[in-house]
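Undergrad: I would like the atomic coordinates for the input below:
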Amino acid sequence: MGPVSAIDGRLLRTHFSSHAGDYDRYAAVQKRVVAHLAARLAASGPLTGLVLDVGTGTGALALELGGVAVDRRFVLSDLAHGMTKTAAQRLPGALSCDGDARRFPFADGSFTAVVSSSVYQWVGDLPAAFREVSRVLRPGGRFAVALFGERTLYELRNAHRQAVVECNSDHPSHAQNFPSAAEVTSALDAAGMIRRDFACFPEIDWHPDVPALLRQLKQIGASNAAADRPHGLAPRRVMQRMLEIYEACYRFPEGIPATYEVVCAVAEKP
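TA: Sure, this is the predicted structure:
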C-alpha cells in the first residue's frame, strides 16, 4: 500500500454534503463501527463535560453515546455543511458548527473529550491532526477514534489491480490509500497521548453483486478525495474485467464481501 495521499477538502465537503440525506440508509458498516467505538469509550468511564464530535456526519456517534445530558454537552462539527445541519436537527440542545479536522476553530483545552468515527481515514496528515486534537483537549481528556485502515476494500483493490495488468492499462486505481494501524499508533504517540485501548479488526459488508457495492459507496459519498486522484473514468474493459475477477475470486453463498479494516483507539492527554 502506498502512502496516504493529501486530501482535497473542497471535494470531500462536496461528496459528503450532497449525500447527507442518503447516508444513514446505506452506511451499515459505519453504524456498526459507531457501536464498537461507543462501547470501548464507555468502558473507560462516564462521558461528561463538553465533548467534540469530529466529523459528526448525521450525529450517530453522539446519539449512541447518550446525546445531550445534564452533565454532558456535545459540539457537533463536520466539514460538510449538510452533515452538520442534519446532526444538529437530530440532537436538540447540542452546539454545532462546520469545521475541518485539520484546523479546529476552538481554543486550547476546550473539551473534556474528543470523539470521532469513520472520519480520520480522510485526513492525510494524521500526526498533525492528532496534535490538533491534543491541543483542544484538557489535561486528562480522552480521545476516542475509529477509522478505516489500509486493508479496507482489499477485494476491490486486488480485483482492479489485476484487471489493469491483464488489460495492459496504465489508468491508475481510483481507490484511496488509508493509514495502517502502525501509522495510527505512531500518530497518537507523536501527539503526546497515552493509549488506553487499541484494537484492529475486520468488518464485512455483504452485497448481491459488485455493482451494488459500488452504488453503496457512491450513495454515502465515499469517493476518492485525494488531491492526486486520477481524473476520468477507468476504461470500460478494465471495469468489466474487474467485475469478473471480483466475482470469480470472492463470490460466496452470502454474496460479495467488502471487508473494512477498523482501527479503534481510546487515548488520554496527560
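Undergrad: got the contact list for Phe74?
TA: 50-53, 62, 67-68, 91, 94-95 (C-beta atoms under 8 Å, 6 or more residues apart in numbering). For the C-beta atoms, the positions are set from N, CA and C on the backbone; glycine is no exception.
Undergrad: per-residue pLDDT, it?
TA: At Phe74, the model reports a pLDDT of 98.
Undergrad: checking my notes, it in a helix, right?
TA: No - under DSSP: H, G, I helix; E, B strand; the rest coil, Phe74 sits outside any helix and is assigned strand.
Undergrad: element containing Ala128, please.
TA: Element membership of Ala128 [criterion: DSSP states H and E] is helix 126-136.
Undergrad: and for Val238?
TA: Here Val238 sits within helix 236-250, counting by DSSP H and E.
Undergrad: so what touches that helix?
TA: Contacts for helix 236-250 (C-beta under 8 Å, 6+ apart): 155-156, 158-160, 162-164, 166-167, 169, 171, 209-211, 233-234, 256-257.
Undergrad: C-terminal to that helix, what's the next element?
TA: strand 256-268.
Undergrad: contacting residues for Glu132?
TA: For Glu132, the contact set (C-beta under 8 Å, 6+ apart) comprises 101-104.
Undergrad: list the buried residues of the helix holding Ala128.
TA: Residues of helix 126-136 classed as buried: 126, 129-130, 132-134, 136 (neighbour count, 16 or more other C-beta atoms under 10 Å).
Undergrad: let's have those in a markdown table, adding pLDDT.
TA: Converted to a markdown table, the buried residues of helix 126-136 look like this (pLDDT from 0 to 100):
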| residue | pLDDT |
| --- | --- |
| Leu126 | 96 |
| Ala129 | 97 |
| Phe130 | 98 |
| Glu132 | 98 |
| Val133 | 98 |
| Ser134 | 98 |
| Val136 | 98 |
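Undergrad: out of those residues, which one sits closest to Ala43?
TA: For the buried residues of helix 126-136, the closest approach to Ala43 (C-beta to C-beta) belongs to Val133, at 20.0 Å.
Undergrad: list the contacts of the closest one.
TA: Taking C-beta under 8 Å, 6+ apart as the criterion, Val133 is in contact with 54, 114, 143, 191, 193.
Undergrad: circling back to that earlier point, among the contacts of helix 236-250, name the buried ones.
TA: 155-156, 159-160, 162-164, 167, 171, 210, 234, 256-257.
Undergrad: coming back round to it: how about the helix holding Val238: buried residues?
TA: Quick answer for helix 236-250 (16+ other C-beta under 10 Å): 238-239, 241-243, 245-246, 250.
Undergrad: pick the one among the contacts of Glu132 closest to Arg215.
TA: Arg215 lies nearest to Ala101 out of these, by C-beta to C-beta, at 27.2 Å.
Undergrad: now do the contacts for that closest one.
TA: Contacts of Ala101 by C-beta under 8 Å, 6+ apart are 54-55, 79, 116, 119-120, 123, 129, 132.
Undergrad: from those, which would you call buried?
TA: Buried members of these, scored by 16+ other C-beta under 10 Å, are 54-55, 79, 116, 119-120, 123, 129, 132.
Undergrad: distance of Met83 from Leu95?
TA: In this structure, Met83 and Leu95 are 15 Å apart, going by C-beta to C-beta, to the nearest Å.
Undergrad: and those two? Which one has more around it.
TA: Met83 (26 against 14; other C-beta atoms under 10 Å).
Undergrad: distance of the more buried one relative to Val263?
TA: Distance from Met83 to Val263, by C-beta to C-beta: 22 Å.
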